[in-house]
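[1] coords below, sequence missing:
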């Protein structure tokens, strides 16, 4: 284990450099190299021999890095090549007083919760986490930690607009239904801080139609063909002779839309027949009022709806359909956890790593949601607990 000198303004900080371990279950990528289990979800990080595989990988990477540095230095002397590291690599080494996420049983046990009013925003998918149950629990556990959800001045609320507001310094932290993009990490770096995404729940995307579309289910291929415009009549997938009318939120605004485009449509974009709606409420109302209508949204937002028909989905082009909900009308947590339901994803809190109050607020909020009490409230909100 070596030491890294970090220059931050006029001050030089000595920081111990460890190999971080990414959890294959929840995706948390800041576990210490010596950790036996993930700090977020508890999944073992060691191989059967008892040695964290990332340590072996880190050793190999270290040798390659040394060789690479020698090569670059030699090349720079010969050809004048700059040896400046990419911005994302530089910002990843900035020190932080709030680095580690820790797990607690009760919200009241979470330490370092700051005092004050903090702005947050982002994903409409995570709106259930902004309901009275969680806000009241936060107020009881830490009454001086006050939160205010802020809508964007222009455009619809969503993960994308929330990230933009976080980058501009308008929010202390943000909620997101999609992972950060490389360009967003770089934009943060150019502003002198780092963004970190911390998973707090698992969610599925439910597909729903007008009640007059009596289908058992759709395959992912059929769903893709509908939203890219290849399929235009329900008769083409075994339904009635009725035009298909797809609805979606704007691709620029929402994390759910972005995720749907990248993972279901394979980044092909929406066909010209797709009608744009402002939010999930608008989508549900539009589909319920339009014969042949079809839409999609977070399962937590659809599970209690009775004006639309939820479809089962199958992977690829198969017919082994899996429903997102149980017969009792709840989210099928097991199908989401084991991946048998085709469209699942993780939900994140995005922390602004600036070594200030915003970072402290984001880390505290994440710890509160990852506590045992917080995860129970996450489940009650319609999501699947990640730990």
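    Okay, I see it. A quick note: this is a predicted structure, and the numbers were derived from the prediction, not measured. Residues are numbered from 1 along each chain as shown.

[2] avg pLDDT for the longest strand along the chain?
    Ordering each strand of the chain by length in residues (DSSP state E) puts strand 194-209 first. Across strand 194-209, the average pLDDT comes to 97.

[3] That strand pairs with which strands?
    Take DSSP bridges as the rule and strand 194-209 pairs in its sheet with strand 293-298 (antiparallel), strand 309-310 (antiparallel), strand 344-353 (antiparallel), strand 384-385 (antiparallel).

[4] any chance you could map the strands in this structure?
    3-8, 11-16, 116-122, 145-149, 173-176, 194-209, 217-219, 245-249, 275-277, 293-298, 309-310, 312-314, 344-353, 384-385.

[5] Throw these into CSV and include mean neighbour count and distance to residue 132, thanks.
    Where you see a C-beta, it was placed from the backbone N, CA and C, and this is true even at glycine. Formatted as CSV, the strands of the chain follow (neighbours: other CB atoms under 10 Å; distance: least, CB to CB, whole Å):
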stretch, mean neighbour count, distance to residue 132
strand 3-8, 11, 41
strand 11-16, 10, 42
strand 116-122, 20, 16
strand 145-149, 16, 13
strand 173-176, 28, 17
strand 194-209, 25, 18
strand 217-219, 21, 35
strand 245-249, 22, 25
strand 275-277, 16, 26
strand 293-298, 27, 19
strand 309-310, 18, 26
strand 312-314, 21, 32
strand 344-353, 24, 20
strand 384-385, 22, 20
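
[6] Just the pLDDT for residue 26.
    64.

[7] ah, wrong one, I meant residue 75
    35.

[8] Please apply the same query to the one 3 residues further on.
    Residue 78 is assigned a pLDDT of 31 by the prediction.

[9] Also the one 4 residues further on?
    Looking at residue 82, its pLDDT stands at 29.

[10] And for residue 156?
    pLDDT, residue 156: 81.

[11] Next, count neighbours for it.
    18 (other CB atoms under 10 Å).

[12] In a markdown table: the strands paired with strand 194-209, plus distance to residue 195.
    A markdown table is the format used below for the strands paired with strand 194-209 (distance: least, CB to CB, whole Å):
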| stretch | distance to residue 195 |
| --- | --- |
| strand 293-298 | 22 |
| strand 309-310 | 34 |
| strand 344-353 | 6 |
| strand 384-385 | 24 |
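
[13] Which among those is found nearest to residue 131?
    strand 293-298 (14.0 Å; CB to CB).

[14] on that earlier part again, residue 337 is nearest to which of the strands paired with strand 194-209?
    Nearest of the strands paired with strand 194-209 (CB to CB): strand 384-385, 6.2 Å.

[15] now the strands paired with strand 194-209 in JSON lines, with mean pLDDT?
    Formatted as JSON lines, the strands paired with strand 194-209 follow (pLDDT from 0 to 100):
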{"stretch": "strand 293-298", "mean pLDDT": "98"}
{"stretch": "strand 309-310", "mean pLDDT": "97"}
{"stretch": "strand 344-353", "mean pLDDT": "97"}
{"stretch": "strand 384-385", "mean pLDDT": "96"}
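
[16] between those, which one is nearest to residue 35?
    strand 344-353 (19.1 Å).

[17] tilt between that closest one and strand 116-122?
    With axes from the mean of the first three to the mean of the last three CA atoms, to 10 degrees as the basis, strand 344-353 and strand 116-122 are set at 140 degrees to each other.

[18] now strand 344-353: how far from the chain's centre is it?
    4 Å (CA atoms, centre = their mean, to the nearest Å).

[19] change the start of the numbering to 336 and stick with it
    OK, 336 is where the count begins now, so the last one is strand 679-688.

[20] about what we covered before: now do the longest strand of the chain against strand 580-584, angle only.
    160 degrees.

[21] if we can go back for a sec, and the strands of the chain as a markdown table, adding distance to residue 658?
    Listed next are these as a markdown table, based on distance: least, CB to CB, whole Å:
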| stretch | distance to residue 658 |
| --- | --- |
| strand 338-343 | 50 |
| strand 346-351 | 49 |
| strand 451-457 | 28 |
| strand 480-484 | 32 |
| strand 508-511 | 26 |
| strand 529-544 | 9 |
| strand 552-554 | 8 |
| strand 580-584 | 21 |
| strand 610-612 | 24 |
| strand 628-633 | 14 |
| strand 644-645 | 7 |
| strand 647-649 | 4 |
| strand 679-688 | 13 |
| strand 719-720 | 15 |
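
[22] Kindly state the domain boundaries assigned to the chain.
    Domain assignment of the chain by automatic domain parsing yields the ranges 338-414, 428-722.

[23] for the ones you listed, which one ends up most surrounded?
    Comparing these by mean neighbour count (mean count of other CB atoms under 10 Å), domain 428-722 comes out on top with a mean of 19.
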